[in-house]
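> Only the shape, not the letters, is given here:
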Ligand SMILES: Nc1ncnc2c1ncn2[C@@H]1O[C@H](COP(=O)(O)OP(=O)(O)OP(=O)(O)O)[C@@H](O)[C@H]1O
């Protein structure tokens, strides 16, 4: 399980997130949704040990990320797509990550197949489309066969076919008992991918429940979001 417990992050005088708490459970795809600047990336960065909370804790399998013995084999993360050297071939980017984390080389071929990038494996990353870079980022996240996947805006820049592929993949990944947490500002897209939803707005959680619970009484998730934000006490903070 992923547990975010009462996390607050201040940058100088500005509160990016305030007392944020939620869980992402095994066997479920959890969508962490909110508009630009709501605090999604800040929360995920804290979860992945890339930033320190001002207060509160974030746990993966009961431990902070920085206390995990084999982080890449426990959590696969993708923030900002693939941060690969443009002159490198996709396959070499993955080989380098595998090697430096003592992950067997056979995994490189497997993850390239999994994300549908096998045909472009030997193409240089600078020639990749945005969608291909996203796939490469996902491939890198999968190298260590992690039980937890944390993905920041994974379908950004993907065409409808790419979104379908990733959606089906994440479904299978969660169905195998893994925990998937993904952030998005795209309500419509995400509604079709997730089981559970956490909505953040202006640094505060304003809704948390199953997709059915959140959308009950509304025509769509987007509709539910606007209804919730209209009544959000965090407005004007
Ligand atoms: N390093 C930083 N220094 C100062 N303010 C920051 C920093 N990082 C984030 N913020 C602020 O914290 C707030 C939350 O930002 P964050 O990037 O977490 O939002 P987000 O929901 O991920 O949005 P987006 O979808 O645009 O990435 C924003 O107001 C942002 O300007």
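Alright, I've got the coordinates. All figures in this text were calculated on a predicted structure; none of them were measured in a lab. Numbering: from 1, shown residues only.

> residue ranges of the helices in this structure, please?
If you assign secondary structure with DSSP state H, the helices in the chain sit at 40-47, 71-74, 90-100, 106-114, 130-142, 160-175, 187-191, 211-215, 221-230.

> dump the residue contacts of the residue most central in space within the chain.
Centroid-nearest residue in the chain, with C-alpha atoms, centre = their mean: residue 151, separated by 1.8 Å. Counting by C-beta atoms under 8 Å, 6 or more residues apart in numbering, residue 151 touches 77, 78, 138, 141, 180, 181, 182, 183. From N, CA and C alone the C-beta is placed, and that goes for glycine too.

> Can you give me the distance of the third one to residue 150?
So the one you mean is residue 138. Relative to residue 150, residue 138 is positioned 11 Å away (criterion: C-beta to C-beta, to the nearest Å).

> Common neighbours of the two, please.
By C-beta under 8 Å, 6+ apart, the residues touching both residue 138 and residue 150 are residue 78.

> Give me the buried positions along stretch 39-50.
Using 16 or more other C-beta atoms under 10 Å as the test for burial, stretch 39-50 gives 39, 40, 41, 42, 43, 44, 45, 46, 47, 48, 49.

> Also stretch 110-130?
111, 112, 114, 115, 116, 117, 118, 120, 121, 124, 125, 128.

> Nearest to the ligand among the residues you listed?
residue 128 (21.6 Å; C-beta to the nearest ligand atom).

> And the pLDDT for the closest one?
pLDDT for residue 128: 92.

> now do the one 3 residues further on
Reading off the confidence values, residue 131 has pLDDT 84.
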